[in-house]
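Could you look at this predicted model? Sequence included:
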Amino acid sequence: MSLFWIPLLPLIGTLIPLLSGRFGRSACALFTGVLPAIALAIVFGLAPQILDGATLQQSYSWIPAMGLDLSFRMDGLALLFCILILGIGLLVILYARYYLSEQDSMPRFYAYLILFMTAMVGIVTANNLIQLWLFWELTSISSFLLISFWNHKSDARKGARMALTVTGAGGLALLAGLLLIAHIVGSYDLGTVLASGDTLREHAAYPVALILVLLGAFTKSAQFPFHFWLPHAMAAPTPVSAYLHSATMVKAGIFLLARFYPVLSGTELWFLIVSLTGLATLLLGAYIALFKHDLKGLLAYSTVSHLGLITLLLGMDTQLAAVAAIFHIINHATFKASLFMAAGIIDHESGSRDMRKLNGLWKYMPHTATLAMVAAASMAGVPLLNGFLSKEMFFAETLHQVALGSLSWMVPVLATLGSVFSVAYSTRFIHDVFFNGEPIDLPKTPHEAPRYMRIPVEILVTLCLLVGIFPSFIVGGLLASASSAVLAGSLPEYSLSIWHGFNLPLLMSLIAMLGGLMVYYNRRHLYHFQAQFPETDAKLVFERLIQSLVAGATRMHKFFENGSLQRYMLLLLLFALVLTAGPLMDLNTTAGLRPHLPIDAVEMTAALLLCLSALATMIWHRKRMVALLTLSVVGLIVSIAFARFSAPDLALTQLSVEVVTVILLMLALFFLPQKTPKESSPRRVVRDLGIAAIIGGIIGTINYALMTRPLESISDFFLANSKTGGGGTNVVNVILVDFRGFDTLGEITVLGIAALGIYKLIARMRLFMPAGDENGRPWARDRHPVMLAVISQSLLPLALLVSVYIFLRGHNLPGGGFIAGLVTSVALVQQYVAHGVDWIKTRLKIDYQWLIASGVLIASLTGLGSWAFGRPFLTSWFDHFHLPWIGEFELASAMLFDLGVYLTVVGATLLILANLGKLTTNHRATQPESE
Amino acid sequence: MEAVYAACVGLLTFSGIFLCLRGRTFPVVLGLTLLSYAVNLFLFSSGRLKLEGAAILGTSFSYTDPLPQALVLTAIVIGFAMTAFIVILAMRARADLGNDHVDGRLPPQPAVKPRRKKEHA
C-alpha cells in the first residue's frame, strides 16, 4: 500500500467540504470524514509491519540534482503521530459538526481543518528535510486560518497574527537549522541524517544548528519564553483548540525534538537547554493556569505546562525519559482533547466560560460532567488513569537525572511543585465548574449537549481509562515502536504496570495530590497575592514590539528613500564603488602580458581632444548650448576611435546616432532653461568630484587591466561560420541578424517600446516656449532659409540612395539595417529642419507607429518563417542567383530580418524627433506667417 | 595605446558621473551621454584594440573580435532611444512640475544665486 496516500488523501479531502457543503451540515461532515478515515485505515493496515520493527520508505525524485526528493517515511514515531492526528482529527470533525452554529461557514472550517491535518501528517511522514519544513510552514499558515476563523473578532485576528508571527519566525530559524544540518551531513534525506549523529555532534557548527532547530521547536510548542502565543490562540473555535493544542500543532515542536533526538541529543548543550526550558515552561504554565478564570485559558496554560513536561523529559539524559516523553505525548493528547471538547460543550450549552459564573453544572449536565471529571483527574495524575502512569515515569526519571550536577536534586523538587499546581488547577476545573454552589447569571440555562457531540469525548475518556488500567495491552506495542524510533533502535527495559510498589515516585505523587488540594483550598490567599502584580497583556507587549519594528523599518526606509533622485544616484554610485573597489584590491598587477600597441601623434592628439572636450562639457555644463557643442566633439572622436580600431560598423553607427542625438538635445534645449543655476555648495561639488574621480579611476584601471590581458573569445566560431553558415562576410552584421538574431529582435522591440513611450509622453505636453534666446534676442524671422531647403531637398535622393546601398551591402561590407535606418532618419530629419513639420506632413504620409510595428512584425515573421521549413526559430537561409544584365547576387532571409531592423530604426527615430519638432510648430502656427 | 585609451575611458566616466550627480535634468542627460560613450568604449575594448583588422572576411589575415562590436552596435542605438526617453521625460517633468530639478522640486535651501526667470512669454 502506498505511503503517498496517507498525506495525499487528506490533501484531496481539503476540497471535499467545499464541494459537499450544499448537501447540508451532516452530509458535509460525513463526506469530509471519509478520506481521513481511509487514510487512517491505511495507517492501521501498515501498523503490524511497523510494530514488527520495519521502517517503510517511499520516494520519487523531484529535483535530484539538489538532493530534493518527494519522500515519505513510516516508522514507529510517524505511526504514533499519524494515529493521533488522523484519529483525533476524525473525532474533531464529528464534534465540530455540532459545535459550529448556523452562521459559521462549515465548508470553510472543514477545509482549513483538513488542510491543517494534511500539513501535520506531512510533517510526521516526511523523509526529506526540505519537505518536512514545507509542511511545517503549512501548519503555521493553516493554523493561522483556523485561529482567525471567526475573523470578525478582533482578538481572533490578533491571536492568529501572533501565532503566525511567532511560529513563522521559528519556522525560518528551523529552515536555517535544517539547511545547516543538510550541509554538515551532505544530504537532505532524513534516513541519512538520522544515521550520521556523530558527524553532526562533532561538527563545529553543531551548536548553531541545534539552537536554530530548537528555536523552531520551542516556538511551535509554545515553550518559555515563546509560550505567550498559545493562550491567545484560544480565540479560535473550541474544536480548533481541541485539535491544535492536544494532538497536533503544539505537538509538532515535540515531534521535531523526538525526530532529531537520535542525532541532536546526547550533548551537554542539548540537555542543558532543553531540560531547563522544559522545566521553566512546566512551572510557569502550571502556576499561571491556576489563576485563569477562563475555562479555555486554564486549559491553555495547562497545555503549556504539559508541553514543558514533555520537553523536560526529552531533555533528560536517560533513555527511559524519552520513553516517558512518548507515553506522555499519547496521554496528554487524549485527556487534553477531551477536556477542550468538554469545555466547548460547557461553553456551548451555558453561554459562558468564566469559572466565576459557572458553578454547580453537575445538576444540569451530569454526563458531560462525569466525562470532564475523569479527564481532569487524568490531567492531575490520579491513579488508574493514563496521566498517572506517565507522571509516575516522569517522577522516576527526575530522580535519576544528573544533568545539573550537584544541583540535580532541584529537578524532582521542582517537578513535584509543578505537579502540585497541576493538581490544584485540575481540582479547580472540577470543583468550580461542576460543584461550588449555583451558576451565577449565565446567559442561558445549561443543559446536556446533543448525543453525538458527546461521543468524541466519550471515546477519548474511555481511552484514558483503558490506557490507565491496561497500559501494556492498549499502547504497549505502539509505545515500544515509537520509542525505539526515537532511541534509534535501543529500547530500555521498562514496565508499564500500574503498581510499582511503595517508592519515591509514588510518594511524590502523593505529595502532589495533597499539596494540590491544599493549594486549591487556600486559593483565595493566592489570588490576593497574585493580584498585587500588575498583569501584563502579552498582546499589548507583542503589538508594541511589532510597532517598534515597523517604526524602525520606516526610519530606515525614509533614510534610503527620501524622494530625492539626486540622493539615490549618490547611494547607488557609492554602493557600486564598494562592490567594485573590493575585488580590485586583490588584483596584484594592473598591466597584463599582452603586448601594447604603439601610439602615434595623431592618436595622441585625438585622445587629448577627447579629454579636453569631456572636461569642457563638465566645466561649462551650466552654459548648456556650449556644453552640447563640446559633447558632440566627444561623440565625433569616439566614432573616429571606432573607425581606427577596426570597427567600421560602429563608427558609422556612432556617427549617425551622434547627428540625431545632437538634433534631439538641441530641440529639447529649446524647451528647457538655457542655463543651469549655480546651486551646489562647494562642499557638494568637491564631494561629487571625489566620487566621480574614484569611480573614473576604477573604471580606467579595470579597462586597462582588461585590455592588456590575453583574449579568450568565442568569436572564432563566428569568424569561421559567418560565410558558410550565415552567407555574409561582414561578421558583425551576420552576428546581429543571424547568430544573435534573437537578441536583435529583442533590441528593436525595446527601441519600438521606447519610441512609443516617448510618443505618449509628448502627447498633451504643455510646454513653455521662449520667444527669444537666453539674452532676450528674438528668434530670426527667416525660419526656413531657402539655401538650406534647396540643398537638403536635392540631397535627399542621394542620401536615400546611400542608405539603400549601405543596407544592401551590409551583409558583406560595413553597413546593415541599423546604419541604413539611421542614415535614412538623418536625411528625413534634415527635411524637417529645413522645411518644418507642416510642410512635410502634406508630402510624406507615413505613420511612424505603423512603421515600427511593421518592422518588428517583419523581423518576427522572418524568424517564424523558419518554422514552416521545420527549423528552429530564426534559422537563416541564403543562396546565390544569377540574373542577366545584373550578374550574380545573393539573397538571404537575414536581409528580410534586416529590413525589419531598418524599418524599426527609421520609425523609432522619426517618431521621436518629428513629434518633438511638431511641438515647436503647434505653437507658432497661431502666429502669422511672415513668409 | 592601451594606457591612453583606458585613461580616456576613465576621464569620460569621471565627467559623466560628475554630471549625473548634478541637480538639474539637462546636465544629467549630458552626463548620461558621456557615461554611455565610456561604457560603449569599455565594452568595445573587451575585444582588445586592433588596427587594420575589421571583421570583414577576406580583407585581412587576422581579425578583431566581432562579438563586442555587435553588442556595442545595438547598445549605441538603444542608448540613443534611452537618452531620448530621458530627455522627453525631463521636458515632461518640467511641463508638469514647473521646474527642471531631478527631484521634481527645488531644494529647500534655494540657489546660492537666486534663479532668474527671464523666460516669460
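Here it is on my side, so go on.

Please count neighbours and contacts with C-alpha atoms only from this point.
Fine.

What is the neighbour count of A:Phe388?
Neighbours of A:Phe388 under the rule other Cα atoms under 10 Å in any protein chain shown: 23.

same question, A:Lys153
Using other Cα under 10 Å as the criterion, A:Lys153 is surrounded by 12 other residues.

Report the separation between it and A:Ala78.
36 Å (Cα to Cα, to the nearest Å).

what helices or strands is the lowest-mean-pLDDT helix or strand in chain A leaning on?
When each helix and strand of chain A is scored by mean pLDDT, DSSP states H and E, strand A:887-892 comes last, with a mean of 78. For strand A:887-892, the elements it packs on are strand A:878-883, judged by 3 or more Cα pairs under 8 Å, 6 or more residues apart in numbering or on different chains; DSSP states H and E.

Sheet-wise, list the partners of the strand it packs on with their directions.
Using DSSP bridges, strand A:878-883 pairs in its sheet with strand A:887-892 (antiparallel).

what residues does the partner strand touch?
A:727, A:876-883 (Cα atoms under 8 Å, 6 or more residues apart in numbering or on different chains).

what's the closest of these to chain B?
A:Gly727 (11.1 Å; Cα to the nearest Cα).

In contact with the residue nearest to A:Phe81 when sequence neighbours are not counted, which residues are there?
Of all residues not flanking A:Phe81 in the chain, A:Val124 sits nearest, at 6.7 Å (Cα to Cα, 6 or more residues apart in numbering or on different chains). Going by Cα under 8 Å, 6+ apart, A:Val124 touches A:77-78, A:81-82, A:132, A:255.

ok, now A:Ala820?
A:803-804, A:806-807, A:902.

Using CSV, write out every CA atom in stretch B:6-18.
What follows is stretch B:6-18 as a C-alpha-only set of coordinates in CSV (Å, rounded to 0.1, in the frame of the first residue of the first chain):
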residue,chain,number,x,y,z
ALA,B,6,41.9,53.5,-20.6
ALA,B,7,42.7,57.0,-19.4
CYS,B,8,40.2,58.4,-21.9
VAL,B,9,37.5,55.9,-20.7
GLY,B,10,38.3,56.8,-17.1
LEU,B,11,38.1,60.5,-17.8
LEU,B,12,34.8,60.1,-19.7
THR,B,13,33.4,58.1,-16.7
PHE,B,14,34.7,60.8,-14.4
SER,B,15,33.0,63.7,-16.2
GLY,B,16,29.9,61.6,-16.9
ILE,B,17,29.4,60.7,-13.2
PHE,B,18,30.1,64.2,-12.0
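
what pLDDT, on average, does it get?
Stretch B:6-18 shows a mean pLDDT of 95.

Show me what counts as buried in the strand or helix carrying B:Leu67.
Secondary structure from DSSP states H and E places B:Leu67 in helix B:66-97. By neighbour count on 16 or more other Cα atoms under 10 Å in any protein chain shown, the buried set for helix B:66-97 is B:66-95.

about what we covered before: could the contacts of A:Val124 go into TSV alongside distance to A:Met508 and neighbour count?
Output for these, formatted as TSV (distance: Cα to Cα, whole Å; neighbours: other Cα atoms under 10 Å in any protein chain shown):
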residue	distance to A:Met508	neighbour count
A:Leu77	30	24
A:Ala78	33	25
A:Phe81	30	24
A:Cys82	34	28
A:Leu132	39	24
A:Phe255	28	23
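
Is the host helix or strand of A:Ala607 positioned near chain B?
Secondary structure assignment for A:Ala607, by DSSP H and E: helix A:601-619. Yes - using Cα under 8 Å from any Cα of the partner chain, helix A:601-619 reaches chain B at A:604, A:607, A:610-611, A:614-615, A:617-618.

Out of the contacts of A:Ala820, who's the most crowded?
Within the contacts of A:Ala820, most neighbours by other Cα under 10 Å means A:Tyr902, with 28 neighbours.

Within the helices and strands, which one has that residue?
helix A:893-924.

Give me the neighbour count for the nearest residue to B:Gly31 once chain neighbours are set aside.
Closest residue to B:Gly31 apart from its sequence neighbours, by Cα to Cα, 6+ apart: B:Gly16 at 4.0 Å. B:Gly16 has 29 neighbours, counted by other Cα under 10 Å.

what about B:Gly16, helix or strand, and which?
helix B:2-20.

Next SSE downstream of that helix?
helix B:25-45.

What lies in contact with that next one?
Here helix B:25-45 makes contact (Cα under 8 Å, 6+ apart) with A:614, A:621-622, A:624, A:628, A:631, A:635, A:638, A:672, A:703, A:707, B:9-10, B:12-13, B:15-22, B:68-69, B:72, B:75-76, B:79, B:83, B:86-87, B:90, B:100-102.

before we move on, the earlier item: other SSEs contacting the helix holding A:Ala607?
Packing contacts for helix A:601-619, counted by 3+ Cα pairs under 8 Å, 6+ apart, involve helix A:624-644, helix B:2-20.

Tell me where the stretch 451-600 of chain A has strands.
In the stretch 451-600 of chain A, no strands are defined using DSSP state E, counting those that start in this stretch.
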